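1. structure, please.
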Amino acid sequence: MDYLQMTAPCGLDCFNCNFFLASEDQEAMKKVEEMSKQYNVPVEIMLCKGCRSNNGRIPLQMHVFGEDHRCAAYECCKDKELKFCGECDNFPCDNLHPYADMAGEVPHNIKVFNLCLINKMGLEKWAESKASKVRETYFNTPWSLK
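-> Below is the predicted model of the structure:
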């Protein structure tokens, strides 16, 4: 697995995302098909190979936000010739701002945490030992102050 290619500049772990996994995993495909029906978006638009493979133009985002939509974090990293937002002197910035809407359904609020872990652990070690645990915790563990 090319973890650099399959980790977004903003820190999202594309290699653990159902929209990526659905092409080869039946359980992931079932989840994508359910979301397709729920949001009335064709499955083929929901399938994804990551923003790096699409030059920052994710089909689902273009479907929702319009054909001209481009990811600000992707564009900024590209302009600054950075692999990840966490390498930037301005990290974290408003391109990584967490949002409350759909926080339980989309992993955008874990971006800064993932980027800090990538900086601390290195990409390969994070991808192989921590990324899936972060995603699992985010989507399935109730919040607490333990």
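2. now do residue 48 against residue 120, distance only.
-> In this structure, residue 48 and residue 120 are 27 Å apart, going by Cβ to Cβ, to the nearest Å. The way it works is simple: take the backbone N, C-alpha and C, and place the C-beta from them, glycine included.
3. and residue 46, by the same measure?
-> Distance from residue 46 to residue 120, by Cβ to Cβ: 32 Å.
4. which of those two has more residues huddled nearby?
-> residue 46 (20 against 11; other Cβ atoms under 10 Å).
5. hang on, isn't the more buried one packed against residue 34?
-> No - counting by Cβ atoms under 8 Å, residue 46 stays clear of residue 34, with 10.6 Å between them.
6. longest helix in this protein, by residue count?
-> In the chain, taking DSSP state H as the definition, the longest helix is helix 26-39.
7. output the contacting helices and strands for the lowest-mean-pLDDT helix or strand in the chain.
-> Within the chain, no helix or strand scores below helix 59-65, which has a mean of 87 by mean pLDDT, DSSP states H and E. When contacts are defined as 3 or more Cβ pairs under 8 Å, 6 or more residues apart in numbering; DSSP states H and E, helix 59-65 sits against helix 43-46.
8. which residues sit against the helix it packs on?
-> 19, 22, 32, 33, 35, 36, 59, 60, 63 (Cβ atoms under 8 Å, 6 or more residues apart in numbering).
9. and the residues you listed as JSON lines, adding neighbour count?
-> Below are those laid out as JSON lines (neighbours: other Cβ atoms under 10 Å):
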{"residue": "19", "neighbour count": "21"}
{"residue": "22", "neighbour count": "21"}
{"residue": "32", "neighbour count": "23"}
{"residue": "33", "neighbour count": "13"}
{"residue": "35", "neighbour count": "17"}
{"residue": "36", "neighbour count": "17"}
{"residue": "59", "neighbour count": "17"}
{"residue": "60", "neighbour count": "17"}
{"residue": "63", "neighbour count": "15"}
